[in-house]
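Engineer: requesting a structural model of the entry that follows:
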Amino acid sequence: MGAVLLPVFVLLGILGILGLALLALFRNMLYVCPPSEVLIFSGGGERQTADGRKIGYRIVKGGRAFRVPLFEAVDSLDLTNMTIELHTKGAYSKGGIPLTVAGVANIKVPGEEPLIHNCLERFLGKSRAEIMEVARETLEGNLRGVLASLTPEQVNQDKEAFAARLTEEAEHDLSNLGLVLDTLK
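Structural biologist: Predicted coordinates for the structure are as follows:
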């Protein structure tokens, strides 16, 4: 009787180890994405977007998905707001008068198509600090451009019109980069 039980225990032990290995493999391939992030699964084949572009990745936002082992790599991108402080010194206004302007902008990575594709093409693999630096330089360039078309009196008298014009120009450039301007003060 003891000789019969030994192979049964060995078989149960092997099945238990295989079960644990499969569970570990399953856990390693399952990715859960919080609502404030987007997961990018790249390398799994070509897909077509809603606007007809062909891309080599799939996007998961606020959900879960399985990674195909050996064929797909997974990256993540944070969708939370980024606060950017703008400090422009010596920006020339209309008439050649240098001005110093400070402001604050809140930008974010969009979570919806088609803007997210622009963002992924430019910023996938970049750190949050690098994204913020590109956005800051873009916003400061827009700020200098708007200041060059206005006199100092126009900037001081109608700050709302100045901010609206700056927002309009900045939104266009940021959307080309795949970023969204939430607020600009």
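Engineer: could you check which helix or strand contains Ala170?
Structural biologist: If you go by DSSP states H and E, Ala170 is part of helix 159-177.
Engineer: and the next element down the chain from that helix?
Structural biologist: strand 180-184.
Engineer: partners of that next one, with directions?
Structural biologist: Applying DSSP bridges to the sheet, strand 180-184 is found paired with strand 98-108 (antiparallel).
Engineer: tell me the mean pLDDT for the helix holding Ala170?
Structural biologist: Taken as a whole, helix 159-177 has a mean pLDDT of 83.
Engineer: so for it, what gets flagged as buried?
Structural biologist: Buried residues in helix 159-177, counted by 16 or more other CB atoms under 10 Å: Phe162, Arg165, Leu166, Thr167, Glu169, Ala170, Asp173, Leu174, Ser175, Leu177. (Glycine included, C-beta is placed from N, CA and C.)
Engineer: which residues does the last one contact?
Structural biologist: Right, the one you point to is Leu177. Asn118, Cys119, Arg122, Phe123, Val134, Ala135, Thr138 (CB atoms under 8 Å, 6 or more residues apart in numbering).
Engineer: tell me the gap between the helix holding Ala170 and the middle of its chain.
Structural biologist: 20 Å (CA atoms, centre = their mean, to the nearest Å).
Engineer: can you give me the angle that helix makes with strand 180-184?
Structural biologist: Note on geometry: by axes from the mean of the first three to the mean of the last three CA atoms, to 10 degrees, helix 159-177 and strand 180-184 are set 160 degrees apart in direction.
Engineer: helices of this structure, start to end?
Structural biologist: Residue ranges of the helices in the chain, as given by DSSP state H, are 2-29, 115-123, 128-148, 152-157, 159-177.
Engineer: got any ranges where this structure has weak pLDDT?
Structural biologist: Within the chain, the segments meeting pLDDT under 70 span 1-6.
Engineer: let's see it at 80
Structural biologist: 1-9, 25-28, 44-53, 90-91, 93, 95, 113-114, 150-162 (pLDDT under 80).
Engineer: am I right that Gly125 is in contact with Ala73?
Structural biologist: No: under the criterion of CB atoms under 8 Å, Gly125 is not in contact with Ala73, lying 10.4 Å apart.
Engineer: all set now, cheers.
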